[in-house]
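Colleague: Following is a predicted model, sequence given first.
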Amino acid sequence: MTTKRLYYEDAYTTRFKARILERVRLEKGTAVVLDKSYFYPTSGGQPFDKGFINDVPVLDVTVREIDGAILHWISKGDIWSEDIVADIDWARRFDHMQQHTGQHILSQAFIRVANAETLSFHLSEETVTIDLEATAVQPEHIEQAEFLANQVVWQNRPVRIRAASTEEAQELPLRKIPAGRDGRLRLIEIEGFDITACGGTHVSATGEVGLIKVVKLGRVGANLRVEFCCGQRALGDYRQKNSVVNRLTAVLTTGAGEIVDSVTKLQEEVKEARRQIKRQQTSLIQLEADNLLAQGKKKNATTIVTRVFTDTESDASHLRTLASRLTKEGDVVALLGLAGEKCMLIFTRSAAAPGDMNQLIKPALQTLGSASGGGTVEMAQGGGPAADAERVEQAVARAERLLLGQL
């Protein structure tokens, strides 16, 4: 059972009557085959139409491979009547018409300005892309192709559907001649500009495309991916970006043309501010380390530094930096702790100092209960769930007693 594909000749009809020829029930869901349909099924890089059949939502439209029947997949439930009335989502259909016709125009524009053929085309609800042979396209070709494409749009050239045999197509300036069904090709002709074999839905005049705007470039293997938008999508893209520009000009108190310079200047200022903060943090860490070393306990030639911070005073990153600075040189053992919602211990020593930090941290972590961790002879760390300052101080004190007993 096949369906007469009316969308091939008429992309503007959105309400029609038909008869159900077959009902299909699979794990995917329920579908109906109609004797005729304007619903476009997913094919050729273009998504399917949505809409309703007897007020039941159409969720997907596909082509059955074995016989070419069009399957209209419907939401839960069934359509009991044999005679139906169908409605196509016009906003979605027209969007696809704008994007697909715009693709034909832009693809031909790239051929004319860069001799770059379109290798693939993809249209989704969010993006429209064509892939071009990257080596053929230079940076200046992007704006040139975009300008030429929009000239064709504004000239409002007729877009016609015609059929041709494979033999007849050989005499036409087609970009590509695919294998035709039963030797016949459906051609989309943009008057005086492009003629392409295509089964998709298109506008009847280029003016309906509205605008073609390239919005992004990217590499896919050896190819150049050009992302663009047309018509309503181009308007939406402009609105979004114009809103961003207006907010930036208000925040930066500058004109739109100076935004890049203003942002670049701000970036440099931020980088310099970060460098200054880094220098100040380094100085503060050194001062803090010097103070702790001056207060540390001495035994033999070894200085033992113990300190417990709360999570309002410090964090794990600060503890690691401080421990590294304390033990950078000399004969120093640093036993540091962090109390709060997540407790932490960091035990470290300088290369010349005695003691096994991994052995010291194990009993200290036992004092904290469910804490875990470990490390090497020179540095060990661990932690666990919440613990108050008193509990962490007990853990550090236990490690200190063990260390003093070893010296």
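Modeller: Thanks, I have it.

Colleague: Low-confidence ranges, the stretch 51-200 of the chain, go.
Modeller: The model of the stretch 51-200 of the chain has pLDDT under 70 over residues 178-182.

Colleague: in it, which spans are helices?
Modeller: 90-114, 139-154, 166-169 (DSSP state H, counting those that start in this stretch).

Colleague: quick one: which of these is nearest E189?
Modeller: Closest approach to E189 among these is made by helix 90-114 (9.6 Å; C-beta to C-beta). Quick note: C-beta positions are derived from backbone N, CA and C, even for glycine.

Colleague: still on that earlier bit, now, of the helices of the stretch 51-200 of the chain, which is deepest in the fold?
Modeller: helix 90-114 (a mean of 22; mean count of other C-beta atoms under 10 Å).

Colleague: Okay, angle between it and helix 139-154 too, please.
Modeller: 130 degrees (axes from the mean of the first three to the mean of the last three C-alpha atoms, to 10 degrees).

Colleague: residues in contact with I105?
Modeller: A149, V152, V153, I190, F193, D194, T206, V209, I212 (C-beta atoms under 8 Å, 6 or more residues apart in numbering).

Colleague: quick one: the third one and G330, what's the gap?
Modeller: When C-beta to C-beta, to the nearest Å is applied, the distance between V153 and G330 equals 76 Å.

Colleague: Repeat that for the second one.
Modeller: Counting by C-beta to C-beta, the separation of V152 from G330 is 77 Å.

Colleague: do the same with the fifth one
Modeller: F193 sits 80 Å away from G330, taking C-beta to C-beta as the criterion.

Colleague: ok, the two, which is more surrounded?
Modeller: Legend: neighbour count by other C-beta atoms under 10 Å for F193 and G330, higher for F193 (19 against 14).

Colleague: Tell me the buried residues in stretch 32-47?
Modeller: V32, V33, L34, S37, Y38, F39, Y40, P41, G45, Q46, P47 (16 or more other C-beta atoms under 10 Å).

Colleague: same question but for stretch 205-213, I mixed them up
Modeller: For stretch 205-213, by 16+ other C-beta under 10 Å, it's A205, T206, E208, V209, G210, L211, I212, K213.

Colleague: quick one: average confidence on it?
Modeller: Averaging pLDDT along stretch 205-213 yields 98.

Colleague: Are we agreed that K298 is in a helix?
Modeller: No: K298: not assigned to a helix; according to DSSP: H, G, I helix; E, B strand; the rest coil it is strand.

Colleague: and stretch 345-361, how far apart are its ends?
Modeller: One end of stretch 345-361 sits 8 Å from the other (C-alpha to C-alpha, to the nearest Å).

Colleague: try stretch 200-215
Modeller: End-to-end distance for stretch 200-215: 23 Å, by C-alpha to C-alpha.

Colleague: Would you tell me which strand is longest in the protein?
Modeller: Longest strand in the chain, counting residues (DSSP state E): strand 15-26.

Colleague: Mind listing what's buried along that one?
Modeller: F16, A18, I20.

Colleague: Which other helices and strands does it contact?
Modeller: strand 29-34, strand 36-37, strand 83-88 (3 or more C-beta pairs under 8 Å, 6 or more residues apart in numbering; DSSP states H and E).

Colleague: Now do that strand and strand 83-88, the angle between them.
Modeller: Using the same axes, to 10 degrees: strand 15-26 against strand 83-88 is 100 degrees.

Colleague: what are the pairing partners of strand 15-26, and which direction each?
Modeller: strand 29-34 (antiparallel), strand 83-88 (antiparallel) (DSSP bridges).

Colleague: Among those, which comes closest to G102?
Modeller: Proximity to G102, assessed across these by C-beta to C-beta, is greatest for strand 83-88 (20.2 Å).

Colleague: Alpha carbons of that closest one, in CSV - could you do that?
Modeller: Backbone C-alpha positions of strand 83-88 (Å, rounded to 0.1, in the frame of the first residue of the first chain) are rendered in CSV as follows:
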residue,chain,number,x,y,z
ASP,A,83,-12.1,8.9,6.7
ILE,A,84,-9.8,11.5,8.4
VAL,A,85,-9.1,15.2,8.4
ALA,A,86,-5.4,16.1,8.8
ASP,A,87,-3.8,19.4,9.8
ILE,A,88,-0.1,20.1,9.4
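
Colleague: So which residue of this structure lies furthest out from the middle?
Modeller: N300 (60.4 Å; C-alpha atoms, centre = their mean).

Colleague: what residues are up against that residue?
Modeller: Residues in contact with N300 (C-beta under 8 Å, 6+ apart) are L407.

Colleague: For T101, give me its contacts.
Modeller: Counting by C-beta under 8 Å, 6+ apart, T101 makes contact with V159, I188, I190, H202, V203, T206, E208, V209, C230.

Colleague: Now it: closest residue in space, sequence neighbours ignored.
Modeller: H202 (4.5 Å; C-beta to C-beta, 6 or more residues apart in numbering).

Colleague: Also F121?
Modeller: Using C-beta to C-beta, 6+ apart, the closest residue to F121 is G45 (4.2 Å).

Colleague: Could you check how far that neighbour is from Q286?
Modeller: Counting by C-beta to C-beta - G45 and Q286 are separated by 62 Å.

Colleague: If anything else comes up later, I'll come back, but that's it for now.
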